[in-house]
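Undergrad: Take this sequence and fold it.
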Amino acid sequence: MATRAIETHDGMTHGSLRSRFRWSIPERFNLGAACSDAHPPGDLALVTELADGSVRMTTFGQIAERSNRLARHLRSLGVARGDRVGVIVPQSEATGLAHLAVWKLGAVSLPLASLFGPDALAYRLEDAEVAAVITSPENAHKLAGLQAEVPIVTTGQGFDAILADGDPAFPVADTAAEDPAYLIYTSGTTGQPKGALHAHRSLHGHLPGFELYYEFAPQPGDLIWTPADWAWIGGLMDVLVPAWYFGMTVLTAEHDFEPHSAVELMSRHRVTLAFIPPTGLKMMRAAGAEHDGLSLRAIFTGGEPLGEELLTWTRTHLGVGINEGYGQTECNLVLGNCGSMWPVRAGSMGRPLPGHEVAIMDDDGTRLVGKAGEVCVRSPDPVMMLRYWNRPEATANKYRDGWLLTGDMGIEDEDGYFWFVSRKDDVISSMGYRIGPGEIEESLLGHPAVAMCAVIGVPDEIRGQVPAAFVVVRDGHQPGDTLAAELQEHVRTRLAAHEVPRRITFMDDLPRTTTGKIMRRALRDHGDVTPTVGGRPSGG
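TA: Down below sits the predicted model:
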């Protein structure tokens with residue numbers, strides 16, 4: 001039976017909530033059984049809006065039986081305890097079933113985004129040494145170049161037959177909470193991606209964040225939705241898995257994200273909780289998407305800091321505040337906000353959540369307050385990865401004196417709020433100033449012509465580095481020298497002269513990772529050739 005991480009909070013402060021919190025993690029625990037078999041079979045698990053507009057309802061009883069049959073099929077293909085199984089399926093019922101089935105076997109699921117091409121998939125599948133792959137038909141052709149021959153299960157009619165036939169019972173593996181459950185590859189800034197291996201107990205580590213971000217979910221009638229791919233830790237572990245652990249209903253849709261249709265979807269199904277990444281919120285704001293029939297009571301976002309402009313827009317046009325949070329693939333949901341519990345400070349990553357100890361430290365391991373340093377998380381922590389897959393040296397380098405090093409730069413203020421500065425390798429050093437791109441981006445987004453933007457540092461002979469901005473303009477505005485000068489003045493008058501982008505490039509879109517984050521590494525390829533003002537890269 002699912003138990004809350006935070007049993008009571010009435011009359012409590014952030015400090016008392018943290019001081020009274022204690023982890024309660026069973027020694028034996030299996031994610032697959034806890035997220036399906038533990039619930040009344042008639043309760044609604046999933047609402048799927050199909051491409052033709054019709055709606056399919058799936059109960060927990062159906063989820064339990066179908067995942068059991070899939071687990072039996074995978075076992076017949078030779079998948080054994082501890083084996084890795086790739087899951088390359090867009091957000092759908094089949095995605096959830098695949099993970100549950102793998103976990104019930106005691107195997108390890110490897111979520112992979114459908115946006116990956118053949119080379120990206122091949123690297124991850126071969127590095128993980130998968131024993132089988134579950135894929136959708138549109139992704140199957142990408143597997144032709146795999147070096148190892150492994151069984152491939154493709155969703156569709158044959159997959160549906162597997163889910164419908166045979167004994168609906170299955171002997172779930174007796175896994176320890178510390179046993180591996182899923183392997184997610186990071187989108188890292190340098191080198192090949194690394195696989196972060198997580199245990200079954202990782203779910204328990206996510207629960208304080210899940211409950212606080214969503215204003216003490218679950219509550220009666222809650223329906224949760226996210227446009228985030230369930231191959232991303234944000235979609236999988238911030239929404240689907242904890243929701244199913246609590247017996248909540250999840251909404252999914254078979255059509256791609258579009259700002260206006262997303263708002264209509266939430267209104268049509270009376271969504272109460274949503275995880276919307278910053279890119280999605282920015283797109284909704286740029287498109288002017290709004291609806292007066294929404295039932296939202298909480299939105300959670302994370303991945304990039306938001307500013308007051310976007311928070312104000314969300315309150316005004318979506319009718320609800322946003323709880324920002326922070327985590328990373330290796331150690332998720334450790335900082336955050338909960339508007340009903342403590343004041344939200346616009347743009348802040350929030351405060352350390354119950355059960356997690358977070359600090360800002362310099363390179364010598366000295367704790368800092370009011371100064372920029374690296375965001376570090378005390379180990380051990382149930383939400384923390386077990387290790388990097390087959391990367392003992394990288395695993396060792398990720399820790400220092402009992403603290404996990406996130407690689408993110410931040411500041412902790414005197415009231416205990418944390419503020420994101422940049423990735424450690426994204427800090428712009430200009431004339432002795434250490435400049436984080438986030439503040440400049442927030443300023444640019446406050447200009448009515450800017451739909452999206454990203455800022456990086458580019459070499460400068462005198463200053464060392466100077467900020468360079470890449471800007472996507474809103475419809476109705478004309479990119480060029482005049483607008484570039486206007487944007488520079490906008491930043492100059494709102495921030496400081498040394499933070500003014502010395503170079504501005506207008507683009508049709510910004511390169512993003514499969515999880516929706518801006519790829520500043522790709523933008524650096526334009527750095528040395530970016531015009532001082534205006535211009536549009538060829539083919540951009």
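Undergrad: Every contact and neighbour count from this point should use C-alpha atoms.
TA: Will do.
Undergrad: show me the contacts for residue 497.
TA: Going by C-alpha atoms under 8 Å, 6 or more residues apart in numbering, residue 497 touches residue 491.
Undergrad: try residue 486
TA: With C-alpha under 8 Å, 6+ apart, residue 486 has no contacts at all.
Undergrad: Let me know the helix or strand that it is in.
TA: Secondary structure from DSSP states H and E places residue 486 in helix 481-494.
Undergrad: How about residue 300?
TA: Here residue 300 is assigned to strand 298-302, by DSSP H and E.
Undergrad: Please apply the same query to residue 313.
TA: helix 308-317.
Undergrad: With residue 251 instead?
TA: strand 249-253.
Undergrad: same for the helix holding residue 313, what does it pack against?
TA: helix 278-287, strand 322-328 (3 or more C-alpha pairs under 8 Å, 6 or more residues apart in numbering; DSSP states H and E).
Undergrad: Do me a favour and average the pLDDT over the shortest one.
TA: Average pLDDT, strand 322-328: 94.
Undergrad: on that earlier part again, mind checking how far the helix holding residue 313 is from the chain centre?
TA: Centroid separation for helix 308-317 versus its chain: 21 Å, with C-alpha atoms, centre = their mean, to the nearest Å.
Undergrad: ok, residue 30 to residue 81 distance?
TA: 12 Å (C-alpha to C-alpha, to the nearest Å).
Undergrad: Next: residue 133.
TA: For residue 133 relative to residue 81 (C-alpha to C-alpha), the value is 15 Å.
Undergrad: Could you give me the buried positions within stretch 395-410?
TA: Buried residues in stretch 395-410, counted by 16 or more other C-alpha atoms under 10 Å: 395, 398, 399, 403, 404, 405, 406, 407, 408, 409, 410.
Undergrad: among the residues you listed, which are in strands?
TA: 399, 403, 404, 405, 406, 407, 408, 409, 410 (DSSP state E).
Undergrad: possible to save those residues as JSON lines with distance to residue 484 and pLDDT?
TA: JSON lines is the format used below for these (distance: C-alpha to C-alpha, whole Å; pLDDT from 0 to 100):
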{"residue": "399", "distance to residue 484": "43", "pLDDT": "97"}
{"residue": "403", "distance to residue 484": "43", "pLDDT": "98"}
{"residue": "404", "distance to residue 484": "41", "pLDDT": "98"}
{"residue": "405", "distance to residue 484": "38", "pLDDT": "97"}
{"residue": "406", "distance to residue 484": "35", "pLDDT": "95"}
{"residue": "407", "distance to residue 484": "32", "pLDDT": "91"}
{"residue": "408", "distance to residue 484": "30", "pLDDT": "91"}
{"residue": "409", "distance to residue 484": "29", "pLDDT": "91"}
{"residue": "410", "distance to residue 484": "29", "pLDDT": "95"}
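Undergrad: will you turn those into CSV that also has distance to residue 8?
TA: Below are those laid out as CSV (distance: C-alpha to C-alpha, whole Å):
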residue, distance to residue 8
399, 33
403, 29
404, 29
405, 32
406, 31
407, 34
408, 32
409, 33
410, 31
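Undergrad: Closest one of the residues you listed to residue 324?
TA: Distances from residue 324 to those, taken as C-alpha to C-alpha, are shortest for residue 410 (14.9 Å).
Undergrad: beta partners of that closest one?
TA: Bridge pairing for residue 410 (DSSP bridges) gives the partners residue 373, residue 420.
Undergrad: send the alpha carbons of the lengthiest helix in the chain over as CSV?
TA: If you go by DSSP state H, the chain has its longest helix at helix 60-76. Extracted as CSV, the C-alpha positions of helix 60-76 are listed here (Å, rounded to 0.1, in the frame of the first residue of the first chain):
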residue,chain,number,x,y,z
PHE,A,60,-5.1,-0.5,-12.7
GLY,A,61,-6.4,-4.1,-13.0
GLN,A,62,-5.7,-4.0,-16.8
ILE,A,63,-2.3,-2.4,-16.2
ALA,A,64,-1.4,-5.1,-13.7
GLU,A,65,-2.5,-8.0,-16.0
ARG,A,66,-1.0,-6.6,-19.2
SER,A,67,2.4,-5.9,-17.6
ASN,A,68,2.4,-9.4,-16.1
ARG,A,69,1.8,-10.9,-19.6
LEU,A,70,4.5,-8.7,-21.1
ALA,A,71,6.9,-9.7,-18.3
ARG,A,72,6.2,-13.4,-19.0
HIS,A,73,6.9,-12.8,-22.8
LEU,A,74,10.2,-11.0,-22.0
ARG,A,75,11.2,-13.9,-19.8
SER,A,76,10.5,-16.3,-22.7
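Undergrad: Under the pLDDT cut-off, which ranges of the stretch 351-500 of the chain? List them.
TA: Regions of the stretch 351-500 of the chain meeting the criterion pLDDT under 70 cover residues 431-434.
Undergrad: Surely residue 231 touches residue 112?
TA: Yes - contact between residue 231 and residue 112 holds when scored by C-alpha atoms under 8 Å: they sit 5.2 Å apart.
Undergrad: what's the overlap in contacts for the two?
TA: Contacts common to residue 231 and residue 112, judged by C-alpha under 8 Å, 6+ apart, are residue 88.
Undergrad: circling back to that earlier point, how far does the helix holding residue 486 sit from the chain's center?
TA: 32 Å.
Undergrad: so after it, what's the next helix or strand?
TA: strand 503-506.
Undergrad: for that following strand, packing partners?
TA: So strand 503-506, by 3+ C-alpha pairs under 8 Å, 6+ apart, packs with strand 464-473.
Undergrad: same for the strand it packs on, what does it pack against?
TA: strand 428-430, strand 450-460, strand 503-506.
Undergrad: tell me which residues in the longest one are buried?
TA: The one in question is strand 450-460. 450, 451, 452, 453, 454, 455, 456, 457, 458, 459.
Undergrad: how close does the most centrally placed residue in the chain get to residue 382?
TA: In the chain, the residue lying closest to the centroid (C-alpha atoms, centre = their mean) is residue 234, at 2.8 Å. In this view, residue 234 and residue 382 are 17 Å apart by C-alpha to C-alpha.
Undergrad: now residue 206
TA: For residue 206, the distance to residue 382 - C-alpha to C-alpha - is 8 Å.
Undergrad: got it, and residue 79?
TA: Taking C-alpha to C-alpha, one finds residue 79 at 27 Å from residue 382.
Undergrad: Also residue 483?
TA: 49 Å.
Undergrad: Neighbour count: those two, which is higher?
TA: residue 382 (23 against 19; other C-alpha atoms under 10 Å).
Undergrad: just the ones in strands among the buried residues of stretch 395-410 now: which is nearest residue 94?
TA: Nearest to residue 94 among those, with distances taken as C-alpha to C-alpha, is residue 406, at 32.6 Å.
Undergrad: Let me know whether the closest one touches residue 375 as I believe.
TA: Yes - using C-alpha under 8 Å, residue 406 makes contact with residue 375 at a distance of 5.8 Å.
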